[in-house]
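A.B. asks: Predicted model, plus sequence, below.
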Amino acid sequence: MFRSYLPSGGVIVLQDLTIDQALLLAQNGDERIREELIENHKAFIIKTSSNICKRYLTWGNDDELSIALVAFNEAIDSYNGEASFYSFAKTVISRRLIDYFRKESKHQTLSLTPLEDNNELCDYDSIKSFEIYKEKQREYDLSDTVGNFVIVLMNYGITLEDLAKASPKHRDTKETLYRVAQELCSHQNLLEYLYKNKQLPLKELELLTGVKRKTLERARKYLIATALIQSNPDLVALKDFTQLA
C-alpha cells in the first residue's frame, strides 16, 4: 500500500495505490512516493543483493547495498511496464553490482561459476568479475582473521614467528598434537582453564591422551594456537591450517 499526497482544497488526501500507479507517480516527480517505494522495498533490495553476492548484507556495513539502492532508484525511473517490476528491478540491481564486481576485480582471471537466476547476465566477463570479487573478499576476510589471531596470541605470549618455529615437521607428530588439541577442546573445563590461566592443563592432558608431559611442554605454543583456532568462532577461517593434509 502506498500513499499519494494530493492537494484538495488545501487538504492533503491519502490515496491507496497499486505498484504501477506508485511507480508512475514517482516517475512524474512525486518524491514522497519515491521515498516510500524505496523504504517499503528495502527488504527486497537486501534479499536480491545478498543472493547475488552469496552472503548476507547489512545496511551501513556493505557497499553493495548502497549500489543496489541506487540501482533500485534507477529501476523506478526506467521501468516501462513491459515486464514485472520486480524482475526488472532484480536485473538492474544485478547489472549494477556486476559493474561493481568488474571495477573491484581489475580484470584479473579466476575460475568461473555461473550466477543463478540471471541467465542473460551470465556472460564471460560478468562471471569472471564476480569470481574475482569473491576471491578478494575471501582474502580480506582472511587478512582480518589473521590480524585478530595475532592479537589473541599476544595474550598467551606467542607470536606468529614462534608458531612457525614450533610447527611439527613430521606427520605423526602433527597427528599426535592435533589429537591432543581436539581432546582439550572437547572438555569444557580444560578449555576454560586455558582461557583463564593462559596455560595448558598439562597434567589432565597427559592423563587423557597418554602423551608425555615433556612432549606437551615442548609443543605448548603449537597446542595453544591450535586449540584457540579450533574453539574460537572468530578464527574459523584459519581452521584449514590446523587440519591434517
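C.D. replies: Ah, there it is.

A.B. asks: ranges for the strands of the protein?
C.D. replies: According to DSSP state E, the chain carries its strands in the segments 2-8, 11-17.

A.B. asks: Please report the distance of Thr173 from Arg218.
C.D. replies: Counting by C-beta to C-beta, to the nearest Å, the gap from Thr173 to Arg218 is 10 Å. Every C-beta, even on glycine, is put in place using the N, C-alpha and C of the backbone.

A.B. asks: In terms of pLDDT, where does the residue nearest to the spatial centre of the chain sit?
C.D. replies: The chain has Arg55 as the residue nearest its centroid, 5.3 Å off, counting by C-alpha atoms, centre = their mean. Arg55 is assigned 77 on the pLDDT scale.

A.B. asks: So, low pLDDT: which residues of this structure?
C.D. replies: In the prediction, the chain carries residues with pLDDT under 70 at positions 1-16, 104-144, 240-245.

A.B. asks: And for Leu177, the neighbour number?
C.D. replies: Residues near Leu177, counting by other C-beta atoms under 10 Å, number 23.

A.B. asks: can I assume it is in contact with Lys169?
C.D. replies: No. Taking C-beta atoms under 8 Å as the definition, Leu177 is not a contact partner of Lys169, at 11.7 Å.

A.B. asks: Show me where the protein has its helices.
C.D. replies: Secondary structure of the chain by DSSP state H: the helices cover 19-27, 31-40, 42-53, 63-78, 85-105, 124-154, 160-166, 171-185, 188-197, 202-209, 213-218, 220-231.

A.B. asks: Can you say which of those helices is packed in most?
C.D. replies: Comparing the helices of the chain on average neighbours per residue, with mean count of other C-beta atoms under 10 Å, the densest one is helix 220-231 at a mean of 22.

A.B. asks: Residues contacting that helix, please?
C.D. replies: Helix 220-231 has contacts (C-beta atoms under 8 Å, 6 or more residues apart in numbering) with 149, 152-153, 156, 158, 162-163, 166-168, 177-178, 180-182, 184-185, 191, 194, 200, 216, 235, 238-239, 241-242.

A.B. asks: Tell me what angle that helix forms with helix 171-185.
C.D. replies: Between the axes of helix 220-231 and helix 171-185, defined by axes from the mean of the first three to the mean of the last three C-alpha atoms, to 10 degrees, the angle is 60 degrees.

A.B. asks: so how far is helix 220-231 off the chain centroid?
C.D. replies: Computed by C-alpha atoms, centre = their mean, to the nearest Å, the chain-centroid distance of helix 220-231 equals 25 Å.

A.B. asks: Kindly report the domain assignment for the chain.
C.D. replies: 2-138, 155-241 (automatic domain parsing).

A.B. asks: how far away is the residue nearest to the centre of the chain from Lys214?
C.D. replies: Distance, Arg55 to Lys214, by C-beta to C-beta: 46 Å.

A.B. asks: what does Pro201 give?
C.D. replies: For Pro201, the distance to Lys214 - C-beta to C-beta - is 16 Å.

A.B. asks: just Asn232 next, same as before
C.D. replies: 27 Å.

A.B. asks: How about Ala43?
C.D. replies: Distance from Ala43 to Lys214, by C-beta to C-beta: 59 Å.

A.B. asks: and Phe85, how far is that from Arg96?
C.D. replies: Taking C-beta to C-beta, one finds Phe85 at 16 Å from Arg96.
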